[in-house]
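take this sequence and fold it.
(chains A and B)
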2 protein chains.
Amino acid sequence: MTYQAAIALGVDLRLLANRPDDGAALVASDVAIGAPDSPALETFVAANDVTTFDHELVPAARLAALEAAGHCLRPNAATFALVQNKRRQRAELGAAGFPVPPYRFIAAAADISEFAEMHGWPVVVKAGRGGYDGRGVWVVADATAARDLVAGWETAGQVNALEPLVEAWVPIEREVAVLVARRPGGEAVAYPTVETVQRDGICHELMAPAPIAPELAREAERMALAIAERVDVVGLLAVELFVAGGRLVLNELAARPHNSGHYTIEGCVTSQFEQHLRAVLDWPLGETNLVAPAVATVNVLGGRDGSDPRERLPGALAVPGAHVHLYGKAARPGRKLGHVTVVGADAADVRARARRAAAILSGAEEETS
Amino acid sequence: MTYQAAIALGVDLRLLANRPDDGAALVASDVAIGAPDSPALETFVAANDVTTFDHELVPAARLAALEAAGHCLRPNAATFALVQNKRRQRAELGAAGFPVPPYRFIAAAADISEFAEMHGWPVVVKAGRGGYDGRGVWVVADATAARDLVAGWETAGQVNALEPLVEAWVPIEREVAVLVARRPGGEAVAYPTVETVQRDGICHELMAPAPIAPELAREAERMALAIAERVDVVGLLAVELFVAGGRLVLNELAARPHNSGHYTIEGCVTSQFEQHLRAVLDWPLGETNLVAPAVATVNVLGGRDGSDPRERLPGALAVPGAHVHLYGKAARPGRKLGHVTVVGADAADVRARARRAAAILSGAEEETS
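Prediction:
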């Protein structure tokens, strides 16, 4: 999707992809193949004016070395190191006064139980590194479960690599997200606060604007802008928040175009993908307002039979106003293969249409046309 | 732009391009190089499920042979033959009752003068074949000018190849256009009637909706749908019309995504490029309504100094709401290099913003930011 935005702006976008059959590699014209932790990274970066990222699986130390060698990385290596590490995120943002949940770094099951004595069961245990889409997050019910979890890590020799932490369980009323774009000089804009509906740790649905009090939405946007400045991001920063007890609690950060911003392609004046390019190229940022009163985006997940959603595309396109985006990924059960956005006047209406088209693509609903 | 739409729908779009540095060839991942009148055409078509076109410079006889060999062309060879030939367009659509201007096929200067005796000077002389963007159209003031024009063709040995015709000069109040998308089975939708503002035969600006009486706009849309059925188009048909004396007069047809439809990317629920793919792949057509009360698109033409508009991109992006599309073409004075669209509530406002961003990109206006 960033590539589509690059075409319109005449940006020469080169891609480093793991494999020639990665979704983006199938459609881009200038593709280098190599893992982001292989020597291909250095060769790739050296040929670019500016390098940016669409995932966090690049070793921060390698990025720091590239930056020291004079290459332009946006976001920079320091921002990358922070967003890759949930321990550092909690520590630095908590110390800066942002509302993180109570947390503690852990090394043993006893650390979890001690923490739970103060904050109550269940608790949430997280891998400090490498989590994604619900992986690396465990809701732990009691001391026995804590022992089993840590014993599993020890067997696999993972405890140090995981850099785990424990957090108080937050009684979540809603999950919301704010996307910020920021230029190298600090100019930044926030998109409207949206609601994300998660299932099994994966974002299923998004509604814009979030159905929360306007004052809370503005507070989330101010907080996201402040965090963007604190972590010195260049490009996009997705700030995921919980609403609990009517207040905001910081969940996670991602410094890249994000699933919670896919709705912006049709839903906002400037898509997150164009905005990311504008920000990392230090061009004026675009307007972030919604183009209609309601926008819904529903993710297309691979169905149980592993079939290609393209087989069901005509049925989805028959849903009025359905904007279908498929990612060119091989279909696997539960994998995010695309999304559908509908823009309109009424939240319930756009959500119903987006759900229907996404369900057809996922193979979860019979086509009716 | 069709390629960008293909990415979202997961359509495997292969491209036949004249040269590796053609705009589309620079961004597409699967490109064959060859002229549309070379043997590369047959090889290319033979490997496709469906073949469509973004220009009219493909020999209709070759297409007819490919169709006879069982290949799927959309639009088909018969539609192609008609839209390539202004003589046939006038004769067939005039006979079918559509409002074409008075015309006559010509072979000599005397034919022009005889026609002018009936319809008055000036007259409009057109090449029946090969015209594009104002080329192949001459406004002829008197008998002397007619003799000079035809003498020039005779010197170049062109008269037969041109298949020229003469038409009565139409006192144009406005030029409008309607885009139609049509599936193989005949299902068709029209986009709203838009106004196109031409200068030197090139479309400079577009306003949607056209500032004309709603009844006249609906009449234009009905006419365009009827023409699409008459020429049996599959895919898009752009119908360009004059408004003269408060009535519609048919100007030209193009059976492809068209400059008069670029505004649909941000301005309508379904862009013309996605709609073209839906139509030629026989998928359900998308909604064609405007997403806002006013849409303006202004073309970016190459400036006198031949400089690349990308040099001035930041200035254009500073214009609020400016959607910039650059085509990756080498800059030449007067060449269409891109366009800018602005969507909003007020026609004068969106036009002013689109003009300003386009002027900056064309190098015609100093940047003010």
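
contacts and neighbour counts: CA atoms only from here.
OK.

around chain B, pick out the residues from the stretch 151-300 of chain A.
Taking Cα under 8 Å from any Cα of the partner chain as the measure of proximity, the stretch 151-300 of chain A contacts chain B at A:266, A:269-270, A:283-287.

what do you get if the cut-off is 10 Å, keeping everything else the same?
Neighbours of chain B within the stretch 151-300 of chain A, by Cα under 10 Å from any Cα of the partner chain: A:265-266, A:269-270, A:274, A:278, A:281-288, A:291-292.

now, those that are in helices?
Using DSSP state H, A:265-266, A:274, A:278 are the members of these that sit in helices.

which of those lies closest to A:Val231?
Ranking those by separation from A:Val231, with Cα to Cα as the measure, puts A:Arg278 on top at 18.9 Å.

residues contacting the most centrally placed residue in chain A?
By Cα atoms, centre = their mean, chain A has its centre lying nearest to A:His258, at 4.1 Å. Listed by Cα atoms under 10 Å, 6 or more residues apart in numbering or on different chains, the contact partners of A:His258 are A:54-55, A:179, A:236-239, A:272-273.

Throw the residues you listed into JSON lines and include neighbour count, secondary structure and pLDDT, thanks.
Conversion of the contacts of A:His258 to JSON lines gives the following (neighbours: other Cα atoms under 10 Å in any protein chain shown; DSSP: H, G, I helix; E, B strand; the rest coil; pLDDT from 0 to 100):
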{"residue": "A:Asp54", "neighbour count": "11", "secondary structure": "coil", "pLDDT": "93"}
{"residue": "A:His55", "neighbour count": "13", "secondary structure": "coil", "pLDDT": "90"}
{"residue": "A:Leu179", "neighbour count": "30", "secondary structure": "strand", "pLDDT": "98"}
{"residue": "A:Leu236", "neighbour count": "31", "secondary structure": "strand", "pLDDT": "98"}
{"residue": "A:Leu237", "neighbour count": "28", "secondary structure": "strand", "pLDDT": "98"}
{"residue": "A:Ala238", "neighbour count": "24", "secondary structure": "strand", "pLDDT": "98"}
{"residue": "A:Val239", "neighbour count": "26", "secondary structure": "strand", "pLDDT": "98"}
{"residue": "A:Gln272", "neighbour count": "31", "secondary structure": "helix", "pLDDT": "98"}
{"residue": "A:Phe273", "neighbour count": "24", "secondary structure": "helix", "pLDDT": "98"}
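
turn those into JSON lines, including distance to A:Lys86.
Formatted as JSON lines, the entries for the contacts of A:His258 read as follows, by distance: Cα to Cα, whole Å:
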{"residue": "A:Asp54", "distance to A:Lys86": "18"}
{"residue": "A:His55", "distance to A:Lys86": "15"}
{"residue": "A:Leu179", "distance to A:Lys86": "19"}
{"residue": "A:Leu236", "distance to A:Lys86": "18"}
{"residue": "A:Leu237", "distance to A:Lys86": "15"}
{"residue": "A:Ala238", "distance to A:Lys86": "15"}
{"residue": "A:Val239", "distance to A:Lys86": "13"}
{"residue": "A:Gln272", "distance to A:Lys86": "24"}
{"residue": "A:Phe273", "distance to A:Lys86": "25"}
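
most widely separated two among the ones in helices among the residues of the stretch 151-300 of chain A next to chain B?
Checking those against each other with Cα to Cα, the farthest-apart pair comes out as A:Glu266 and A:Arg278, at 17.6 Å.

more crowded one of those two?
It is A:Arg278, of A:Glu266 and A:Arg278, that has more neighbours when counted by other Cα atoms under 10 Å in any protein chain shown, with 23 against 20.

chain center to the helix or strand bottoming out on mean pLDDT in chain A, what's the gap?
Here the helix or strand of chain A ranked lowest by mean pLDDT, DSSP states H and E is helix A:159-162, holding a mean of 83. Between the centre of helix A:159-162 and the centre of its host chain there is 23 Å, according to Cα atoms, centre = their mean, to the nearest Å.

so which bits of that helix are buried?
For helix A:159-162, burial by neighbour count (16 or more other Cα atoms under 10 Å in any protein chain shown) applies to A:159, A:162.

in the stretch 151-300 of chain A, which spans are strands?
Using DSSP state E, counting those that start in this stretch, the strands of the stretch 151-300 of chain A run over residues A:165-168, A:174-182, A:188-190, A:194-199, A:202-208, A:235-244, A:247-254, A:294-301.

quick one: A:Ala107 is in a helix?
No. Using DSSP: H, G, I helix; E, B strand; the rest coil, the secondary structure at A:Ala107 is coil, not a helix.

what about it, neighbour count?
For A:Ala107, the count of nearby residues is 15 (other Cα under 10 Å).

what of A:Asp22?
Residue neighbour count, defined by other Cα under 10 Å, stands at 15 for A:Asp22.

quick check: it vs A:Ala28, distance?
10 Å (Cα to Cα, to the nearest Å).

over to A:Asn251?
Counting by Cα to Cα, the separation of A:Asn251 from A:Ala28 is 33 Å.

where's A:Val249 relative to chain B, distance?
Note on A:Val249: its distance to chain B, by Cα to the nearest Cα, to the nearest Å, is 33 Å.

same check, this time on A:Pro39
Noted for A:Pro39: a distance of 25 Å to chain B, by Cα to the nearest Cα.

and A:Glu42, helix, strand or coil?
Using three-state DSSP, the structure places A:Glu42 in helix.

quick check: it touching A:Pro59?
No. Assessed by Cα atoms under 10 Å, A:Glu42 is found out of contact with A:Pro59, at 11.7 Å.

and for the two, which residues touch both?
Here A:Glu42 and A:Pro59 share the contacting residues A:Pro36, scored by Cα under 10 Å, 6+ apart.

residues contacting A:Ala65?
Under the criterion of Cα under 10 Å, 6+ apart, the contact partners of A:Ala65 comprise A:42, A:71, A:77.

A:Lys126 pairs with what?
Judged by DSSP bridges, the bridge partners of A:Lys126 are A:Val137, A:Leu165.

so what sits opposite the closest residue to chain B within the stretch 251-369 of chain A in the bridge?
Of all residues in the stretch 251-369 of chain A, A:His325 sits closest to chain B, at 4.4 Å by Cα to the nearest Cα. On the basis of DSSP bridges, A:His325 is bridged to A:His339.

which ones are touching it?
For A:His325, the contact set (Cα under 10 Å, 6+ apart) comprises A:1, A:262, A:299-300, A:337-341, B:5-10.

repeat that for 7 Å
A:338-340, B:8-9 (Cα atoms under 7 Å, 6 or more residues apart in numbering or on different chains).

rebuild the residues you listed as JSON lines, extending it with pLDDT and distance to A:Gly185.
Formatted as JSON lines, those follow (pLDDT from 0 to 100; distance: Cα to Cα, whole Å):
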{"residue": "A:Gly338", "pLDDT": "97", "distance to A:Gly185": "34"}
{"residue": "A:His339", "pLDDT": "98", "distance to A:Gly185": "33"}
{"residue": "A:Val340", "pLDDT": "98", "distance to A:Gly185": "35"}
{"residue": "B:Ala8", "pLDDT": "97", "distance to A:Gly185": "33"}
{"residue": "B:Leu9", "pLDDT": "97", "distance to A:Gly185": "37"}
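
and which of those residues is nearest B:Phe98?
Among the contacts of A:His325, B:Leu9 lies closest to B:Phe98 (Cα to Cα), at 36.3 Å.

report how many residues lie close to the closest one.
Residues lying near B:Leu9 (other Cα under 10 Å) number 22.

what sits up against stretch A:292-309?
Applying Cα under 7 Å, 6+ apart, the external contacts of stretch A:292-309 come out as A:204-209, A:263, A:267, A:331-347, A:350-351, A:354-355, A:358, A:361-364.
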